[in-house]
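A.B. asks: dropping a prediction and its sequence here:
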Amino acid sequence: GENVEQHPSTLSVQEGDSAVIKCTYSDSASNYFPWYKQELGKRPQLIIDIRSNVGEKKDQRIAVTLNKTAKHFSLHITETQPEDSAVYFCAAYLPGGGNKLTFGTGTQLKVEL
Amino acid sequence: NAGVMQNPRHLVRRRGQEARLRCSPMKGHSHVYWYRQLPEEGLKFMVYLQKENIIDESGMPKERFSAEFPKEGPSILRIQQVVRGDSAAYFCASSPRLANTDTQYFGPGTRLTVL
């Protein structure tokens, strides 16, 4: 069935290092891929998204890359800071799944001082 | 421009009672989605609604759960005869139109606790 797989489930980095989270999706017709950050007890907040007509998008320390051939996309956070610590969810619109977002299982990122 | 609103933020119910969760989408948004998040788990899609229409309820349990989005007023997720397993955070999200590239914006969630 349609799904989105996300790895790793937990990620610990030192402050200042980079963090990379990867997701794969099953439906080649998917064309929209948002990333959400969720702090403990808070709502998921959109941090960046990419549409299938581009391969990379950057917003300050955050970037997302998309490889449509391989059906995977990645979130890159550079110069990590303690406030980046949160759970990050990738998602994809899977047309075969009824035009709704399907979320990955989340990555708990911890940035250590 | 107010974001997605949900109320109540916290709801405590005893087993067998009914829970009603409300969601007001962002201004100009006509599509509402409900998700359930169990502790330390991901977001699971439940239902997708437009005004007066249920578009996709494939993620919603067949019994005890229902959702509506009337012409006037908020969207409501109703859980009848709640059980302890219903304890979770319920988030709604909204988007402006039907398209598979529209961003969804989430509300603050309702945390349901069933005693």
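C.D. replies: Received, thanks. Residues are numbered from 1 along each chain as shown, chains lettered A, B, ... in the order given.
A.B. asks: in chain A, what helix or strand scores lowest on average pLDDT?
C.D. replies: Lowest on mean pLDDT, DSSP states H and E among the helices and strands of chain A sits strand A:100-103, with a mean of 84.
A.B. asks: give me the most central residue, chain B.
C.D. replies: What sits nearest the mean C-alpha location of chain B, by C-alpha atoms, centre = their mean, is B:Trp34, with 3.5 Å.
A.B. asks: list the strands paired with the following helix or strand past the least confident helix or strand of chain A, with their directions.
C.D. replies: Note on strand A:100-103: by DSSP states H and E, the next helix or strand toward the C-terminus is strand A:107-112. Using DSSP bridges, strand A:107-112 pairs in its sheet with strand A:10-14 (parallel), strand A:86-94 (antiparallel).
A.B. asks: so how many other residues sit close to B:Pro74?
C.D. replies: 17 (other C-beta atoms under 10 Å in any protein chain shown). Every residue, glycine included, has its C-beta placed from N, CA and C.
A.B. asks: just B:Ile76 next, same as before
C.D. replies: For B:Ile76, using other C-beta under 10 Å, the count is 16.
A.B. asks: try B:Tyr33
C.D. replies: 25.
A.B. asks: can you tell me if the one helix or strand it maps to touches chain A.
C.D. replies: If you go by DSSP H and E, B:Tyr33 is part of strand B:31-37. Yes: using C-beta under 8 Å from any C-beta of the partner chain, strand B:31-37 reaches chain A at B:Tyr33, B:Tyr35.
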